[in-house]
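S.K.: Below are the sequence and a predicted model; questions follow.
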Amino acid sequence: MHASANMAPSTDTMGKTITCKAAVAYEAGKPLQVIDVQVAPPQAGEVRIKITHTALCHTDKFTLSGEDPEGLFPCILGHEAAGIVESVGEGVTIVQPGDHVIPCYQAECRECKMCKSGKTNLCAKVRPATGNGVMLHDMKSRFSVDGKPIYHFMGTSTFSQYTVVHDVSCAKIDKDAPLDKVCLLGCGIPTGLGAVWNTAKVEKGATVAVFGLGTVGLACCEGAKKAGASRVIGIDIDINKFKRATEFGCTEFINPKDFDKPIQEVIAEKTDGGVDYSFECIGKTDTMRAALECCHKGWGTSVIIGVAGSGQEIRTRPFQLVTGRVWKGTAFGGFKSRTSVPDLVKLYMNKEIKVDEYVTHELPLSEINKAFDLLSSGNCLRCVIHMPN
Ligand SMILES: NC(=O)C1=CN([C@@H]2O[C@H](COP(=O)(O)OP(=O)(O)OC[C@H]3O[C@@H](n4cnc5c(N)ncnc54)[C@H](OP(=O)(O)O)[C@@H]3O)[C@@H](O)[C@H]2O)C=CC1
Ligand SMILES: N[C@@H](CCC(=O)N[C@@H](CSC=O)C(=O)NCC(=O)O)C(=O)O
Ligand SMILES: [Zn+2]
Ligand SMILES: [Zn+2]
């Protein structure tokens, strides 16, 4: 049985395969194709969501490039979105049809060893399935085109009018929250804020360096400002990024292109031996090294956020760590997704964190390839895709 996707989420489509529009990545490095896809009903432990708004993150571009070792084609990308539950599979109680949700690529089952450890926000329950583009219940996809399967991506696949996710990947949010804005709380903003607040635990008066002033970097700046950092040094190769960065909490700007010596030396000279914390928000191994080595001897902590492709490895002298620097990383800013995303939505609705300011472009699904081009243009933070109704 097929039903049109133009219906609002209702019982009319429950239990039926939905034909709807989605942007399919058929090949690495090639434009997405916006076509009709079939979305099967949710199985046990699954939720079908009508996506209303989705944004593009640099990681979507990373996987589309072919550099992602978990990248499978054909697939439906997208992992920063918001929508409304259309139907749920057997045994699902976390959400119900009509709930407003943000899909979470980092699940939170609250039952696995990782969730129970109290040491990480990572969840192990569905990751073996989401890393292989399928659903845990039967290790198959819910997407198909003319009977041929299309892989899921990060367990979210939000570049589709309808998607199917695991129930433990659904954060239920306030129905009054504007979905065209809070979709951004699905990835970049929480990652930057959480890297500062949860992973590094930046304290009042600390000095901070942020490498890369894109969405994640600006969220780090905002997080550092809210944590009471005394200095927030933005590092980017594009001087045009600084003015906007000051609006997010950046107190000074360094462009590596203005110096003929390693940027970590420049920063150490400017900060009496190094910063207390640094954040790499680019995804390049040379800036990851610089971010570590610009930290202060004895206690400086550097957090890797950027994603680098398979085969890429980080290097530094062991002496950097022997003398007390700490090198760590973060996924989704260390936030437990189902618990924290609703709280972040409330912070935004109470005007305690920025979201609107990250939306620099808005486009319809039909122009998603233009949105990818914007991502590389240098003056785009987030482009919000308005899904067809
Ligand atoms: N760990 C996690 O959970 C998450 C990781 N990520 C990753 O974080 C990274 C940042 O994401 P996002 O903010 O969306 O990406 P953006 O591309 O928006 O930001 C990267 C910024 O770094 C700048 N840049 C590029 N090269 C250099 C350089 N050599 N030195 C200084 N600045 C440089 C870019 O400038 P320009 O635009 O001119 O190139 C851009 O402003 C990506 O690698 C992404 O995959 C994202 C979300 C979550
Ligand atoms: N498949 C990629 C994984 C890259 C990566 O580190 N992803 C981040 C989120 S990036 C979002 O924009 C993450 O949360 N990783 C933890 C996880 O469980 O994957 C690769 O293999 O490089
Ligand atoms: Zn992302
Ligand atoms: Zn878990």
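M.R.: Thanks, I have the structure now. Ligands and ions are numbered 1, 2, ... in the order given.

S.K.: going forward, measure contacts and count neighbours with C-alpha atoms only.
M.R.: Will do.

S.K.: neighbouring contacts of the helix or strand hosting residue 368?
M.R.: When elements are assigned from DSSP states H and E, residue 368 belongs to helix 368-375. Helix 368-375 has contacts (CA atoms under 8 Å, 6 or more residues apart in numbering) with 23, 31-32, 56-58, 61, 363, 380-383, 385.

S.K.: ok, now which ones touch residue 248?
M.R.: When contacts are counted by CA under 8 Å, 6+ apart, residue 248 is found next to 218-219, 221-222, 225.

S.K.: Spell out which parts of the stretch 101-250 of the chain neighbour ligand 4.
M.R.: 108-110, 112, 115, 123 (CA under 5 Å from the ion).

S.K.: From the residues you listed, list just the buried residues.
M.R.: 108-110, 115, 123 (16 or more other CA atoms under 10 Å).

S.K.: how about the residues you listed in a markdown table, adding pLDDT?
M.R.: Compiled in a markdown table, these are given as follows (pLDDT from 0 to 100):
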| residue | pLDDT |
| --- | --- |
| 108 | 98 |
| 109 | 98 |
| 110 | 98 |
| 115 | 98 |
| 123 | 98 |
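
S.K.: Sitting in strands, which of the residues you listed do you find?
M.R.: Members of these lying in strands (criterion: DSSP state E): none.

S.K.: Go through the residues you listed and name the one nearest residue 73.
M.R.: residue 123 (24.6 Å; CA to CA).

S.K.: What parts of the stretch 51-200 of the chain come near ligand 3?
M.R.: Counting by CA under 5 Å from the ion, the stretch 51-200 of the chain sits next to ligand 3 at 57, 187.

S.K.: any low-confidence regions in the chain?
M.R.: Scanning the chain for pLDDT under 70 picks out 1-11.

S.K.: mind redoing it with 90?
M.R.: By pLDDT under 90, the weakly predicted segments of the chain are 1-12, 310, 376-379, 389.

S.K.: OK, contacts around the residue of the stretch 201-350 of the chain found nearest ligand 3?
M.R.: Using CA to the ion, the single residue of the stretch 201-350 of the chain nearest to ligand 3 is residue 332, 8.2 Å away. Residues near residue 332 by CA under 8 Å, 6+ apart: 106, 187-188, 190-191, 194-195.

S.K.: related to what we said a few turns ago, now distance to residue 171 too, for the residues of the stretch 101-250 of the chain next to ligand 4, in TSV please.
M.R.: TSV is the format used below for those (distance: CA to CA, whole Å):
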residue	distance to residue 171
108	9
109	11
110	13
112	18
115	15
123	14
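
S.K.: Out of these, name the two that are farthest from one another.
M.R.: Farthest apart among those - using CA to CA - are 108 and 112, which lie 8.8 Å from each other.

S.K.: Next, show the common contact partners of those two.
M.R.: Common contacts of residue 108 and residue 112 (CA under 8 Å, 6+ apart): residue 123.

S.K.: residues in contact with residue 284?
M.R.: 306-308.

S.K.: For ligand 1, tell me which of those show up nearby.
M.R.: 306-307 (CA under 6 Å from any ligand atom).

S.K.: Return the member of the contacts of residue 284 nearest to ligand 2.
M.R.: residue 307 (5.4 Å; CA to the nearest ligand atom).

S.K.: Run through the bridge partners of residue 149.
M.R.: Per DSSP bridges, the residues bridged to residue 149 are residue 144.

S.K.: dump the residue contacts of it.
M.R.: With the criterion set at CA under 8 Å, 6+ apart, residue 149 makes contact with 141-143.

S.K.: Relative to residue 237, how far out is it?
M.R.: For residue 149, the distance to residue 237 (CA to CA, to the nearest Å) stands at 42 Å.

S.K.: isn't there a strand covering residue 15?
M.R.: No - counting by DSSP: H, G, I helix; E, B strand; the rest coil, residue 15 is not part of a strand but coil.

S.K.: wait, isn't it in contact with residue 39?
M.R.: No - the pair residue 15 / residue 39 is not scored as a contact, 10.8 Å apart, by CA atoms under 8 Å.

S.K.: how about the residues of this structure that lie near ligand 2?
M.R.: Going by CA under 6 Å from any ligand atom, the residues of the chain near ligand 2 are 59, 68-70, 187, 307, 309, 331-332.

S.K.: what sits against residue 205?
M.R.: 228-231.

S.K.: mind checking how far the helix holding residue 368 is from the chain centre?
M.R.: 17 Å (CA atoms, centre = their mean, to the nearest Å).

S.K.: quick one: buried residues of that helix?
M.R.: Using 16+ other CA under 10 Å as the test for burial, helix 368-375 gives 368-369, 371-372, 374-375.

S.K.: if you look at it, does any of it touch ligand 3?
M.R.: No - looking at helix 368-375 against ligand 3 by CA under 5 Å from the ion, there are no contacts, and the closest approach is 12.3 Å.
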